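**Student:** Predicted model and sequence below, questions to follow.
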Amino acid sequence: RSAQLRPQTQPPFAPVGPPQRSQAPTLCDLAAVFAPARRKNRSQVAQGRGVVVHRHGRMPALSTGARRTLRVEARQRHGEGMHLDLTPLPAVFLAAEASAAGVDARRLRTAVAATTAVRLGRGVYADAARWPTDRFERHRLMALAAQRAVQGSVLSHVSAALAHQLPNPMGDLPRPAVTVDDRLRSRSPGSWMTLYRGELTTGHIESNGAVRRTVASRTVLDCVRHLSTGDGLAVADAAIRAGKTTVDAVRDLREFQRRWPGAQKGDLMLAQVDARREGWLESWSADAFRRMELPRWIPQVNVYDAHDRFLGRVDGYWPDFGVAAEADGRGKYLGDVDPSLDRSPDAVAQRVLEAGEREVGLRACGLGLVRWTTKEITTAQLVVGARWRAEVARTDPRGIRATLICSCCNAPLTSCDLGAVYSASGR
């Protein structure tokens, strides 16, 4: 037994068994020599950290005291995330802004896990307590963060249109968009926003407090170039109707962008733009009728019966056919078009009943009437076109017993210049 405890004198790489061709140590020999030392070093380090190593040197486990310490530290980190004060930061902030305020990446991850913060994309977060539920307000806050993320950029396209309180395109809101002058070197901070490059002159930029955005005329043409023709026309109609820009200003800027991608769509918009249309649905419907190669209508016409009683204002009218148009979007009855309207259920029901009574009065005067909803004009345009042709076929314009007044100049359609142009052009 004492001989067994005596240290061996033979070298660690002494050949065992029959002689081999080469006396160089193999990998198995090296592992046999260094494994005890490796287990010993790991055991010493583990003991210093309060870790108990199993007998075979595998599957390290934490001691009871170490587990208790880790649980306390985890509670502290979790509490830091839950009680992290994000009020010095904007409602939507960048990771760089948080780091400048003393909130490092670890605390941000903890805050996201504790639902104190919301991760919106790579390097962009929101304070959960100030993250709104309205999608337009969310887009506005993210657009401001995108502007801060790209130096020298301005809000553009749909983000600038919403900043100008212009209509948004159909469907979900796109990602926040900013434009930077193409002479500046910059890159997009992430896929949560869209970065455009183009020439930005001084006359194309305006500031509203901390917000830098493109002017209304530039915003209109940017939207026309990148959106559908119907959405672009809706933005142009609303901008001119609100007095934010003029047709001449838009036409001049169209000449400035004559070689830009999608600039040809600006010609279609300028040929159809009309400030008398009162909402997105009317503008989108006007472009849909153009695509169906149907005649244009005169927007917003007041109708009086034979006794000079006001029957209502129709969304459009075709003088050559004696047919009126009604774009029946839900917003017209729910009060989305006119925020001043009462939005209670009784008021909405009253507006629906008044629309039915107005239709009875219009047909009693010999007028034809074609109606469509938002879903029909956007997904079933052939149905709307067939309905219009059927109404034209059954209506005799010579039997109309009503007076039609243009809403823009309060003059009969036969005396209104715009009405005469519409009637003569036919399309």
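**Tutor:** Structure received.
**Student:** who are the neighbours in contact with L89?
**Tutor:** Contacts for L89 (CB atoms under 8 Å, 6 or more residues apart in numbering) come out as E97, A98, A101, V103, D127. (Glycine included, C-beta is placed from N, CA and C.)
**Student:** how about these in CSV, adding neighbour count, distance to L89 and pLDDT?
**Tutor:** Putting the contacts of L89 into CSV (neighbours: other CB atoms under 10 Å; distance: CB to CB, whole Å; pLDDT from 0 to 100) gives the following:
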residue, neighbour count, distance to L89, pLDDT
E97, 19, 6, 94
A98, 22, 6, 93
A101, 12, 6, 92
V103, 22, 8, 90
D127, 20, 7, 95
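**Student:** In helices, which of the residues you listed appear?
**Tutor:** E97, A98 (DSSP state H).
**Student:** Show me which of the contacts of L89 is closest to R389.
**Tutor:** Distances from R389 to the contacts of L89, taken as CB to CB, are shortest for D127 (55.4 Å).
**Student:** who's the closest one bridged to?
**Tutor:** A117 (DSSP bridges).
**Student:** quick one: the strands in the stretch 151-300 of the chain?
**Tutor:** Counting by DSSP state E, counting those that start in this stretch, the stretch 151-300 of the chain has strands at residues 154-155, 177-181, 194-198, 205-208, 211-214, 298-304.
**Student:** Check which helices and strands the shortest one sits against.
**Tutor:** Using 3 or more CB pairs under 8 Å, 6 or more residues apart in numbering; DSSP states H and E as the contact criterion, the elements in contact with strand 154-155 are helix 135-149, strand 177-181, strand 211-214.
**Student:** quick one, which of those is packed in tightest?
**Tutor:** Neighbour counts (mean count of other CB atoms under 10 Å) averaged over each of these peak at strand 177-181, with a mean of 23.
**Student:** V235 reaches C223, doesn't it?
**Tutor:** Yes - look at V235 against C223 with CB atoms under 8 Å: they come within range, at 4.5 Å.
**Student:** Common neighbours of the two, please.
**Tutor:** Counting by CB under 8 Å, 6+ apart, the residues touching both V235 and C223 are A161, L166.
**Student:** ok, back up a step: minimum distance to I400: which of the helices and strands packed on strand 154-155 has it?
**Tutor:** helix 135-149 (42.4 Å).
**Student:** Not counting its own residues, what contacts the closest one?
**Tutor:** 90-94, 97, 120, 123-124, 126, 131-132, 153-155, 159, 162-163, 168, 173, 176-178, 189, 192-193, 210-212.
**Student:** on that earlier part again, may I see the strands of the stretch 151-300 of the chain organised as TSV, with mean pLDDT and distance to C408 added?
**Tutor:** Compiled in TSV, the strands of the stretch 151-300 of the chain are given as follows (pLDDT from 0 to 100; distance: least, CB to CB, whole Å):
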stretch	mean pLDDT	distance to C408
strand 154-155	96	32
strand 177-181	94	33
strand 194-198	92	35
strand 205-208	91	28
strand 211-214	94	28
strand 298-304	93	8
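**Student:** Tell me, please, the helix or strand in this structure that averages the lowest pLDDT.
**Tutor:** Taking mean pLDDT, DSSP states H and E as the measure, the helix or strand of the chain with the lowest value is strand 51-52, at a mean of 46.
**Student:** quick one on the thing from earlier: among the contacts of helix 135-149, which ones are buried?
**Tutor:** Neighbour-count burial (16 or more other CB atoms under 10 Å) is assigned, among those, to 90-94, 97, 120, 123-124, 126, 131, 153-155, 159, 162-163, 168, 176-178, 189, 192-193, 211-212.
**Student:** Contacts only, for A96.
**Tutor:** Taking CB under 8 Å, 6+ apart as the definition, contacts of A96 comprise G123.
**Student:** go on, Y317?
**Tutor:** Taking CB under 8 Å, 6+ apart as the definition of contact, the neighbours of Y317 are W297, I298, V301, V323, A324, A325, L404, L413.
**Student:** Would you mind confirming that the last one is in contact with V301?
**Tutor:** Read it as L413. Yes - L413 is within contact range of V301, at 6.9 Å (criterion: CB under 8 Å).
**Student:** the more surrounded of these two?
**Tutor:** Remark: of L413 and V301, V301 carries more neighbours, 25 against 19, as counted by other CB atoms under 10 Å.
**Student:** quick one on the thing from earlier: to Q381, which of the helices and strands packed on strand 154-155 lies closest?
**Tutor:** With CB to CB as the criterion, Q381 lies closest to helix 135-149 of these, at 26.8 Å.
**Student:** What average pLDDT does that closest one get?
**Tutor:** Average pLDDT, helix 135-149: 94.
**Student:** CA-only coordinates of it, as PDB, when you get a sec.
**Tutor:** Output of helix 135-149 as PDB, limited to C-alpha atoms (Å, rounded to 0.1, in the frame of the first residue of the first chain):
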ATOM      1  CA  ARG A 135     -52.100  55.100 -34.200                       C
ATOM      2  CA  PHE A 136     -51.700  58.600 -35.600                       C
ATOM      3  CA  GLU A 137     -50.100  59.800 -32.400                       C
ATOM      4  CA  ARG A 138     -47.800  56.800 -32.400                       C
ATOM      5  CA  HIS A 139     -46.700  57.500 -35.900                       C
ATOM      6  CA  ARG A 140     -46.100  61.200 -35.000                       C
ATOM      7  CA  LEU A 141     -43.900  60.200 -32.000                       C
ATOM      8  CA  MET A 142     -41.900  57.700 -34.100                       C
ATOM      9  CA  ALA A 143     -41.500  60.200 -36.900                       C
ATOM     10  CA  LEU A 144     -39.900  62.700 -34.400                       C
ATOM     11  CA  ALA A 145     -37.600  59.900 -33.200                       C
ATOM     12  CA  ALA A 146     -36.600  59.200 -36.800                       C
ATOM     13  CA  GLN A 147     -35.800  62.800 -37.400                       C
ATOM     14  CA  ARG A 148     -33.500  62.900 -34.400                       C
ATOM     15  CA  ALA A 149     -31.900  59.600 -35.500                       C
END
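**Student:** Alright, I will stop here.
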